[in-house]
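Trainee: this one's structure only:
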């Protein structure tokens, strides 16, 4: 079990307790339960594999050693003698905190004060040695059911008016989505940089929104606010659910914040999508008008592909890169940049560029140039406006080998959600939190993510110490070996 001082250190480093205390109304007499002790009790309850119930928070506080209870105010000296914290006091303090952070009315999205408190707690749970270790984030969303039952058909009255109907993927054989009543939880998990050292997969940002709101649009402001908080943007690893949104909802705000996108493209966004000054627009890049038609239509590598299939796929994407117009300038203040013909850049041979015909014949050659060449073939460079590839442009050419290796880091988001859905630790299925409303639920899930970060750090430190001991003995680092038995291996095994 994680010791309580670890959570107190996180709460003190974030400064959220003092910030919330300043928002609470002053009562006739001082409250016995402080916000700092309440947050520490919520974290302690999750660390002991308790669900997010206020009764469990109270039980976690009153089960502490007596010296810690007196230090935290769980046992206070009243005029009639020592007084032990009651559940009513726990419920009262939590109600004040939720009311101060809730804002005005049910809106289905976290108010700025609530989001700032949750961001501060998560950022403080990351040790200083890892804050600048990596700026890459793997993002995703998942569903969280409300404890409230959905309203009857034709009505909108229920115990949780901010919850709404949403859909999520299921683990059944059918491909249909599953309906649920509740909220969307979006999170950004720290991942290692490309070709960089591994880092612990800590949750750095998270938000909760009603299912009536788009989770992509709910997470984008949280990520774009990070540069203003002193956190430099890095790679944002996202699946096609994020990439398929309007460019103004996801791609453009993140690029303006300085982030680089590494994402899978939706099938509707793949392949040729028009032209610009004669150049083919495909997969976030501009290509020569005479690019062989099958090349821009290359899709991502299948999951069941063999090593031979991967090698053939990489060879085709490398050939496609030869026909790409080369960027020769960075984006200006308005997002415009200049691009040059691949023949002028020396990547292919084309009769319209006589200098390119002197290149080696190992380069592709345009045998039939356009009869009526447009600007991309006649001019030395062309200007590319930001709206041409605003939605699909990203760090690496899609679907190249470099993109596939970089995008493979996105699985960290799946592992992040798996750790908080594990029944052995904290199962966030319906009933794990019986508090209704976005603010109580988001505050509770943030404390759970803080506990998760502490568990990840404990496992990380243990693994590093084990590797250091093995290095002293001259042994390689311990790796995770897959013990998978196939039917073929079982059939060939002697009885």
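Mentor: Nice, thanks for sending it over. All figures in this text were calculated on a predicted structure; none of them were measured in a lab. Numbers count the residues shown, from 1 in each chain.
Trainee: mind checking the SS state of the closest residue in space to residue 206 that isn't next to it in sequence?
Mentor: The spatially closest residue to residue 206, leaving aside those adjacent along the chain, is residue 187, at 4.3 Å (CB to CB, 6 or more residues apart in numbering). (Glycine included, C-beta is placed from N, CA and C.) The three-state label given to residue 187 by DSSP: H, G, I helix; E, B strand; the rest coil is strand.
Trainee: Distance check, residue 187 against residue 404.
Mentor: To residue 404, residue 187 is 23 Å away according to CB to CB, to the nearest Å.
Trainee: Compare the two (neighbour count), which wins?
Mentor: residue 187 (25 against 18; other CB atoms under 10 Å).
Trainee: Which residue, neighbours along the chain excluded, lies closest to residue 412?
Mentor: Counting by CB to CB, 6+ apart, the residue nearest residue 412 is residue 138, at 4.3 Å.
Trainee: Hmm, residue 242 and that neighbour touching each other?
Mentor: No: Residue 138 lies out of contact with residue 242 (CB atoms under 8 Å); the separation is 11.0 Å.
Trainee: Which secondary structure elements does the helix or strand of the chain with the lowest mean pLDDT sit against?
Mentor: Every helix and strand of the chain was ranked by mean pLDDT, DSSP states H and E. The lowest is helix 487-492, at a mean of 73. When contacts are defined as 3 or more CB pairs under 8 Å, 6 or more residues apart in numbering; DSSP states H and E, helix 487-492 packs onto no helix or strand at all.
Trainee: Give me the distance from it to the chain's centre.
Mentor: Put simply, helix 487-492 sits 40 Å off its chain's centre (CA atoms, centre = their mean, to the nearest Å).
Trainee: Likewise for stretch 370-389?
Mentor: Per CA atoms, centre = their mean, the displacement of stretch 370-389 from the mean C-alpha position of its chain is 36 Å.
Trainee: these two touch, right, the residue nearest to residue 206 and residue 413?
Mentor: Yes: look at residue 187 against residue 413 with CB under 8 Å: they come within range, at 7.0 Å.
Trainee: and for the two, which residues touch both?
Mentor: Between them, residue 187 and residue 413 share these contacting residues under CB atoms under 8 Å, 6 or more residues apart in numbering: 139, 140.
Trainee: What's the local residue count around the closest residue in space to residue 391 that isn't next to it in sequence?
Mentor: Closest residue in space to residue 391, ignoring its immediate chain neighbours: residue 247 at 4.1 Å, by CB to CB, 6+ apart. Counted with other CB under 10 Å, the neighbours of residue 247 add up to 17.
Trainee: Now residue 247. Its backbone dihedrals?
Mentor: Main-chain torsions, residue 247, degrees, to the nearest 10: phi -60, psi -30.
Trainee: so who does it touch?
Mentor: 387, 390, 391.
Trainee: most surrounded residue in these?
Mentor: Within those, most neighbours by other CB under 10 Å means residue 391, with 23 neighbours.
Trainee: My read is that that one contacts residue 269, right?
Mentor: Yes: assessed by CB under 8 Å, residue 391 is found in contact with residue 269 at 6.7 Å.
Trainee: Could you name every residue contacting both of these two?
Mentor: Common contacts of residue 391 and residue 269, defined by CB under 8 Å, 6+ apart, comprise residue 243.
Trainee: Give me the pLDDT value at the residue nearest the centre of the chain.
Mentor: The centroid of the chain falls nearest to residue 139 when counting by CA atoms, centre = their mean (1.7 Å). Note on residue 139: pLDDT of 97.
Trainee: That one - that's part of a strand, no?
Mentor: Yes: the assignment for residue 139 is a strand, going by three-state DSSP.
Trainee: residues touching it, list them.
Mentor: By CB under 8 Å, 6+ apart, the residues touching residue 139 are 186, 187, 188, 189, 219, 223, 236, 237, 238, 242, 413.
Trainee: Would you map the strands across this protein?
Mentor: Secondary structure of the chain (DSSP state E): strands located at 75-78, 81-84, 136-145, 164-168, 178-191, 203-210, 235-238, 260-263, 272-276, 279-282, 285-287, 326-327, 337-340, 381-384.
Trainee: want to throw those into TSV with distance to residue 119?
Mentor: Listed next are these as TSV, based on distance: least, CB to CB, whole Å:
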stretch	distance to residue 119
strand 75-78	32
strand 81-84	34
strand 136-145	13
strand 164-168	24
strand 178-191	11
strand 203-210	6
strand 235-238	17
strand 260-263	22
strand 272-276	37
strand 279-282	37
strand 285-287	35
strand 326-327	34
strand 337-340	33
strand 381-384	35
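Trainee: Tell me which residues of stretch 186-197 come out buried.
Mentor: Residues of stretch 186-197 classed as buried: 186, 187, 188, 189, 190, 191, 192, 193, 194 (neighbour count, 16 or more other CB atoms under 10 Å).
Trainee: picking that back up, separation between the residue nearest to the centre of the chain and residue 187?
Mentor: For residue 139, the distance to residue 187 (CB to CB) stands at 7 Å.
Trainee: is residue 185 in a bridge, and if so with what?
Mentor: Note on residue 185: beta-bridge partners residue 142, residue 208, judged by DSSP bridges.
Trainee: Need the per-residue pLDDT for it.
Mentor: Taking residue 185 on its own, its pLDDT is 96.
Trainee: again with residue 153
Mentor: pLDDT, residue 153: 81.
Trainee: Contacts only, for the most far-flung residue of the chain relative to its centre.
Mentor: Taking CA atoms, centre = their mean as the measure, the residue most remote from the mean C-alpha position of the chain is residue 80, 52.0 Å away. Residue 80 is in contact with no residue at all, counting by CB under 8 Å, 6+ apart.
Trainee: Return the distance of it relative to residue 345.
Mentor: Distance of residue 80 to residue 345, computed by CB to CB: 86 Å.
Trainee: cool, and residue 279?
Mentor: On the measure of CB to CB, residue 279 and residue 345 end up 13 Å apart.
Trainee: Neighbour count for these two, which is higher?
Mentor: Taking neighbours as other CB under 10 Å, residue 279 and residue 345 compare with residue 279 leading, 27 against 17.
Trainee: So that one versus residue 12, what's the distance?
Mentor: Per CB to CB, residue 279 is found 56 Å from residue 12.
Trainee: quick one: which of the contacts of residue 247 is nearest to residue 457?
Mentor: Among the contacts of residue 247, residue 391 lies closest to residue 457 (CB to CB), at 37.1 Å.
Trainee: Just list the residues touching that closest one, thanks.
Mentor: Contact analysis of residue 391 by CB under 8 Å, 6+ apart lists 243, 246, 247, 251, 269, 284.
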